[in-house]
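# Quick one, fold the following:
(2 chains)
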Amino acid sequence: MQQIEEIITGSVVGAMHSLYGRTCSPEQIQLQKTRREFEGDVTLVVFPLLKISRKSPEQTALDIGEHLVRNHTEIKHYNIIKGFLNMVIQDNYYLNYLNRIIPDASYGIQAGPDTGNLSPAGNQQPETIMVEYSSPNTNKPLHLGHIRNNLLGYSVCNILRATGKRVIKTNLVNDRGIHICKSMLTWLRYGKGETPETSGKKGDHLVGEYYVRFEQEYRSQVSELIAGGYSQEDAEKNAPVILEAQEMLRKWEAGDPEILNLWKTMNEWVYEGFNETYRKLGVDFDKIYYESETWLQGKKMVLDGLGKKQFFQHPDGSVWVDLRPEGLDEKVLLRSDGTSVYITQDMGTAQLRQEQYNPDKMIYVVGNEQNYHFKVLSIILHKLGFPWAESLHHLSYGMVELPEGRMKSREGVVVDADDLIGEMIQTARDMSRELGKLDGLKESEKENICKIIGMGALKYYILKVDPVKNMTFNPRESIDFDGNTGSFIQYTYTRIRSVFRKAEELGISKPGFVSGQIALNQKEKNLLQLVHEFPAVIADAAQTYNPSLIANFTYELVKEYNQFYHDFSILKEKNKDKRNLRLLLSEVVARVIRNSMGLLGIEMPERM
RNA sequence: GGUUCCGUAGCUCAGUUGGAUAGAGCAACAGCCUUCUAAGCUGUGGGUCGCGCGUUCGAAUCGCGCCGGAAUCACCA
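Sure, this is the predicted structure:
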């Protein structure tokens, strides 16, 4: 079924031909929502068509308006203001639309194929998209920046699947490298055998403490060396602890059993901690890659490339790629001691994924600080001649900053993910107690609702912002529960649910359809138009990988609904057709709220 | 210094395939609960859309040049 905008677009193309004998493409037809201050629902901007009509804006609009009204009963009438043709759509069109979507509980959401089925993509539809997100290092706990990453990644996956794509959610755990060795080193030196069990600390936090401790010690050694006459650079290269960490990495890569054992143990602690945080955030993955399992593949690719003279070697043995022809610099791929760097394993992981799943697109949800890295990765894979190098897309998002500037995990200046989640839920509890609306519910129910509200506020706060933009988070000002917030949206939903509970008490049953002969008031019409727009919003969000479009659309919808709710009674409406309309309209609005927020990973409580 | 991204109300953000008089929320102030949940609704004040030039019938939106901020250009990840 075509939506009215598509019908009008097609018809205007036809009109241009029959009126002026010239063809034009659908792309030249500019339709927009009529601004609130003018009468109408859909507006055609005629200026771009003047070249074809060779008439005045008013005359062109008149010609087209007449043509449209003659050919489409959906268009009631029109008016012309300057070069704008404002069309009023029949209420009947929206009522029919409402009747059509009532049976569709998952309105707007297409059922994408099961992601659990991890077979390689075949040649037939649907398109398979692999999305990497989260990608933590195992040397420290997750912070607010990771929260943004996880929420974005998870939401983008939902949105893509809602447009019928086959989506594979993947995580690349950075479980190896010099940073892990840093934590291991300090734990060996100062840990006295401390474990999550003996200390009562969450595993990722425990390991993180030793990482911070390493950095402290490293900095103090660097300062000492500088005081002893070293240059900054030499001091940083020669501080004893960093040399030890490097030695440990060499042992790790050589397969030293003692080092490997410690490494496994400490990583396990971290994974348990991460899994708890993931569970609280409500995110999950279909396939987890570990760098420790992909780096050798990457190393092999580098050596192959070296053999084929795509890369070259310095006298000290390090391997490089020359990206000067691409306007970049030379880039190291293997260190002089033979150990691999960050990009090495990303090459290996990319190839493994192609072999295993053959996705049509590979999306990396990674912060904008790595823009250069992904540019380099694409070019290298290109140089190596992989046709799928084209399918890589870096979904780059902005940093979360504190009022003082960016977070520094090396110095422990971070907003910890677990802490923040805990605070959000606590604030929800405080507020609920204050408002007293949950009195009479069981403790477990109250707790569940507060979790939904606290997490909803956090998720909405993060996801409503355009991903490309940096955002500031002020820990001293708690995240709002009023205004443009997740709570406002949840609140609107619970109001609707409450109406239906009340309806049941009053013995008012939910109708299956609405009469097509009702005159809509302005609020009802606005709401139906927004509901009508929902599928297009999802398509847009999927195309641009942008969950904030969903968030902002839903805000607009609930704002409109609250005005409607305030201005009109639903259950006390005497006219039965009108009452039915309002009931069904409310039902569909609740559904859109639930489905759209579901795309953001935000749950809806039944009451709050 | 090179490259990339960002700059809209006091604050946080919408609006950008070029369209009509640039919108919300927070904060401030003034109203609305014997009514389907006031986590709501209504109103008031608040703007050289960083600056300049250009393209255009029309620019917050496109181009160029500045200014301000961020990221990156590591044998870190």
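
# So what's the residue count around A:Gln543?
A:Gln543 has 12 neighbours, counted by other Cβ atoms under 10 Å. From N, CA and C alone the C-beta is placed, and that goes for glycine too.

# For it, which three-state class applies?
Of the three states, A:Gln543 takes helix under DSSP: H, G, I helix; E, B strand; the rest coil.

# For my notes, confirm A:Tyr78 occurs in a strand.
Yes. Judged by three-state DSSP, A:Tyr78 forms part of a strand.

# That one is in contact with A:Phe84, isn't it?
No. Taking contacts as Cβ atoms under 8 Å, A:Tyr78 lies outside contact range of A:Phe84: 10.1 Å.

# Could you spell out which stretches of chain A belong to which domain?
What automatic domain parsing lists as the domains of chain A is A:4-89, A:120-174+A:286-415, A:176-284, A:417-599.

# quick one: the helices in the stretch 51-200 of chain A?
Here the stretch 51-200 of chain A has its helices, by DSSP state H, counting those that start in this stretch, at A:57-71, A:91-101, A:144-162, A:178-190, A:196-199.

# re the thing from before, quick one: closest of the domains of chain A to RNA strand B.
Closest to RNA strand B of these is domain A:417-599 (Cβ to the nearest atom of the strand; 2.1 Å).

# who in the stretch 101-250 of chain A is up against RNA strand B?
Within the stretch 101-250 of chain A, the positions lying close to RNA strand B (Cβ under 7 Å from any atom of the strand) are A:Asn137, A:Asn174, A:Gly177, A:Ile178, A:His179.

# which residues does the third one contact?
For A:Gly177, the contact set (Cβ atoms under 8 Å, 6 or more residues apart in numbering) comprises A:Asn137, A:Leu249, A:Glu291, A:Tyr342.

# same question, the second one
Contacts for A:Asn174 (Cβ under 8 Å, 6+ apart) come out as A:Ser135, A:Pro136, A:Asn137, A:Thr138, A:Glu291.

# ok, the first one touching A:Val173?
What that stands for is A:Ser135. Yes. Using Cβ under 8 Å, A:Ser135 makes contact with A:Val173 at a distance of 7.2 Å.

# one step back: want to throw the residues of the stretch 101-250 of chain A next to RNA strand B into JSON lines with distance to A:Gly317?
Listed next are those as JSON lines, based on distance: Cβ to Cβ, whole Å:
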{"residue": "A:Asn137", "distance to A:Gly317": "27"}
{"residue": "A:Asn174", "distance to A:Gly317": "25"}
{"residue": "A:Gly177", "distance to A:Gly317": "19"}
{"residue": "A:Ile178", "distance to A:Gly317": "18"}
{"residue": "A:His179", "distance to A:Gly317": "23"}
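
# Which of these sits closest to A:Lys361?
Nearest to A:Lys361 among those is A:Asn174, at 22.5 Å by Cβ to Cβ.

# Tell me what the closest one is bridged to.
A:Asn137 (DSSP bridges).

# Listing partners with orientation, what would you give for the lowest-mean-pLDDT helix or strand in chain A?
Lowest mean confidence among the helices and strands of chain A (mean pLDDT, DSSP states H and E): strand A:405-406, at a mean of 80. If you go by DSSP bridges, strand A:405-406 pairs up with strand A:400-402 (antiparallel).

# Would you point out the most distant pair within the contacts of A:Gly177?
The most widely separated members of the contacts of A:Gly177 are A:Asn137 and A:Leu249, with 14.1 Å between them, by Cβ to Cβ.

# Counting neighbours, go ahead and name the busier of those two.
Using other Cβ under 10 Å as the criterion, A:Asn137 and A:Leu249 rank with A:Leu249 on top: 23 against 20.

# need the contact list for that one.
Contacts of A:Leu249 by Cβ under 8 Å, 6+ apart are A:Gly177, A:Ile178, A:Cys181, A:Thr339.

# Skipping its backbone neighbours, what lies nearest the second one in space?
Right, the one you point to is A:Ile178. A:Leu249 (5.3 Å; Cβ to Cβ, 6 or more residues apart in numbering).

# what about the one you found, distance to A:Ile242?
Separation of A:Leu249 from A:Ile242 (Cβ to Cβ, to the nearest Å): 11 Å.

# Likewise for A:Gly228?
16 Å.

# out of the two, which sits in the busier spot?
More neighbours surround A:Ile242 than the other of A:Gly228 and A:Ile242, with 21 against 8 (other Cβ under 10 Å).

# can you pull the contacts of the more buried one?
A:Ile242 is in contact with A:Tyr218, A:Glu236, counting by Cβ under 8 Å, 6+ apart.

# before we move on, what about A:Leu260?
For A:Leu260, the contact set (Cβ under 8 Å, 6+ apart) comprises A:Trp252.

# next SSE after the host helix or strand of A:Thr294?
If you go by DSSP states H and E, A:Thr294 is part of helix A:291-307. Sequence order places strand A:312-313 as the next helix or strand after helix A:291-307, per DSSP H and E.

# which regions of chain A sit below the pLDDT cut-off?
For chain A, the stretches flagged by pLDDT under 70 are A:1, A:112-125, A:412.
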